[in-house]
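J.: please find the sequence and the predicted model below.
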Amino acid sequence: MAFLLGFLIAFAIGVTGVGAGTVTAPLLILALGLPPEAAVGTALLFGFLVKLPAATVYLLRGQVAWTPLGRLLLGGIPGVLLGSLILAHLKGAKDLVLLLVGCTVVLSAGLGLCRSLKGAPQGQDRPQVLPPAAFGIGLEVGFSSAGAGALGTLLLLHATRLSPQRVVGTDILFGLALALLGGGVHLYFGQVEPDLLIPLSTGGVLGAALGALLATRMPKKPLRLALLLWLLFLGAQLVYRGVAHG
């Protein structure tokens, strides 16, 4: 079950480009019944492992902008550490965590939907915006595992003049660093399911490779819109469970 779930999640990510954290944590909570904090920790390390091959490709192609990446990490690293620590101390407040994770998934999916329908914004160089905005993204990633893909890409498109390829490459490295640090904190607090992570990641690596292979042959936009609408539904389910006490 975990192998198949990891394969399907990573395949959808490979085809549509929707972030790993946005998809994985809600499914681990709703489909496998994991506690929210364990779902977030496991989703972060799963996202790190699945993104590694893609990050290597973008690095080898020279499609990573190091100065913007450094500014993102300047804010993102303290943000993800703080968000992970907050979640670790809210372990008993299951309803509140479900509510906040659900709201984050709805926000990320909604912004992704707007971006898909309206197209990419016209970017201007605003380097001073990157660290504080990245702090907020890091906080969100540490708390919910979602946001690095959708919000990081949106921030780079808004505050830099990078090419689309360098935006994707830079954001993947940013998300990779946040996933590793956030996942490490959750692992330290025992909020990762190692027995689940191994088959999930094995299926994920295969799914990501097949998704990347078929990405140019499949209708990307309709699939992306369908997945984002589905994520809105999953996020609403989490919000409902948080409000209705699980």
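T.: The structure has been received and is ready for your questions.

J.: ok, residue 59 - how many residues close by?
T.: If you count neighbours by other CB atoms under 10 Å, residue 59 ends up with 13. (Glycine included, C-beta is placed from N, CA and C.)

J.: next up, phi/psi of it, please.
T.: Main-chain torsions, residue 59, degrees, to the nearest 10: phi -60, psi -50.

J.: who touches it in this structure?
T.: Residues in contact with residue 59 (CB atoms under 8 Å, 6 or more residues apart in numbering) are 169, 173.

J.: distance of it relative to residue 51?
T.: Distance, residue 59 to residue 51, using CB to CB, to the nearest Å: 12 Å.

J.: please apply the same query to residue 64.
T.: Between residue 64 and residue 51 the computed distance is 13 Å (CB to CB).

J.: higher neighbour count, the two?
T.: A count of neighbours by other CB under 10 Å puts residue 51 above the other of residue 64 and residue 51, at 25 against 21.

J.: now do the phi/psi pair for the more buried one.
T.: Note on residue 51: backbone dihedrals following degrees, to the nearest 10 are phi -80, psi -20.

J.: OK, contacts around the spatially closest residue to it that is not a sequence neighbour?
T.: Setting aside the residues directly before and after it, residue 51 is nearest to residue 176 in space (CB to CB, 6 or more residues apart in numbering), at 5.1 Å. The contact partners of residue 176, by CB under 8 Å, 6+ apart, come to 48, 51-52, 55.

J.: filter the residues you listed down to the buried ones.
T.: Those of the contacts of residue 176 that meet the buried threshold are 48, 51-52, 55, by 16 or more other CB atoms under 10 Å.

J.: quick one: residue 39 from residue 5, how far?
T.: Distance from residue 39 to residue 5, by CB to CB: 12 Å.

J.: comparing these two, which shows the higher neighbour count?
T.: Between residue 39 and residue 5, counting by other CB under 10 Å, residue 39 is the more crowded of the two (29 against 21).

J.: and the nearest residue to that one once chain neighbours are set aside, how many residues sit next to it?
T.: The spatially closest residue to residue 39, leaving aside those adjacent along the chain, is residue 28, at 3.8 Å (CB to CB, 6+ apart). Per other CB under 10 Å, the neighbour tally for residue 28 reads 27.

J.: next one: residue 179
T.: Per other CB under 10 Å, the neighbour tally for residue 179 reads 27.

J.: okay, and it sits in which element?
T.: Secondary-structure assignment from DSSP states H and E places residue 179 in helix 164-188.

J.: how far away from the center of its chain is that helix?
T.: Here helix 164-188 is found 8 Å from its chain centre; the criterion is CA atoms, centre = their mean, to the nearest Å.

J.: now the helices for this protein?
T.: With helices called from DSSP state H, the chain shows them at 2-16, 20-30, 36-60, 66-89, 94-118, 130-144, 148-159, 164-188, 194-214, 220-243.

J.: out of those helices, which gets nearest to residue 124?
T.: Residue 124 lies closest to helix 148-159 among these, at 7.3 Å (CB to CB).
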